[in-house]
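> Sequence first, then the predicted structure:
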Amino acid sequence: MLTLQGVEAFYGSSQVLFGVDLQLEAGSVTTLLGRNGMGKTSVVRAIMGILPVHAGVIRFAGREIQLMPSYSIARLGIGMVPEGRQIFPNLTLRENLLAAAANYSGSSEPYDLDHVLTIFPKLGDRLSHFGNQLSGGEQQMLAVARALMINPRVLILDEATEGLAPLIRAEIWRGLNILKQKGQTILVIDKNLDVLLRIADHHHIIENGRVVWSGSSARLAADDALQERYLGV
């Protein structure tokens, strides 16, 4: 569904990605793991066309996208939940959702307002509230729901539950489990390894802009030394 091969990228004269290889299978949940500052968000920005790719290839459903502008990549069916949520503070929750509504995947049963509210029912009571009136957890659920409203073939979540209270984190994970059962392809960045080992099918670990390990949840769970080396605080 989505493949990166030998991707390199720079911020100015500073190289941040060094030959990144990464693959998402259709219908799978895949993680990108690593300590802060190792290049996870840079990979996401490269996929979305926000960070120019200096070398390498990014293919989505067999089509090269590394030279396409961000809006074209989104229209192909890649939905992003950015770090920091970035919802519209002066629009209501309902308007935030409808502003992005589209069916880029061509689904016969597309996500609409009612559908996303079944995944995040807590948003149903807040439809008339402006973005800046929502709690951090509500904003994060809104950001996920807004990404679903474009009916993406791939959903990317950057720091899915960072800074959220445990009950809200549980709501996000519950929603992602529902999406997994529906066959949604997901790439998720997060630090809650225990949950990710249960929900994800495949993992990539990045260090200093390079993917240094890839494997299944079973392999990662069984390797305490690997976890400590690349993910321990």
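Yep, that arrived.
> Please state the offset of the helix or strand containing residue 140 from the chain centre?
Assigned by DSSP states H and E, residue 140 falls within helix 136-148. Computed by Cα atoms, centre = their mean, to the nearest Å, the separation of helix 136-148 from the middle of its chain amounts to 12 Å.
> Now do that helix, average pLDDT.
Helix 136-148 carries an average pLDDT of 93.
> cool, stretch 67-75 as well?
Mean predicted confidence for stretch 67-75 is 94.
> buried set for that stretch?
Residues 68, 73-74 are the ones in stretch 67-75 that count as buried (16 or more other Cβ atoms under 10 Å). For every residue, glycine as well, the C-beta is placed using N, CA and C.
> Beyond the longest helix along the chain, next helix or strand please.
The residue-count maximum for a helix in the chain (DSSP state H) belongs to helix 166-181. Counting by DSSP H and E, the element after helix 166-181 in chain order, helix or strand, is strand 185-188.
> give me the element residue 56 is part of.
Residue-wise, residue 56 maps onto strand 53-60 under DSSP H and E.
> Paired strands for that strand, with orientation please.
With DSSP bridges as the test, strand 53-60 is paired with strand 2-11 (antiparallel), strand 63-64 (antiparallel).
> Can you pull out the residues in contact with the following helix or strand past the first one?
By that I understand strand 2-11. Per DSSP H and E, the first helix or strand lying C-terminal to strand 2-11 is strand 14-24. Applying Cβ atoms under 8 Å, 6 or more residues apart in numbering, the contact partners of strand 14-24 are 1-10, 30, 32, 39, 42-43, 46, 51, 54, 56, 154, 185, 187, 204, 206, 208-211, 214.
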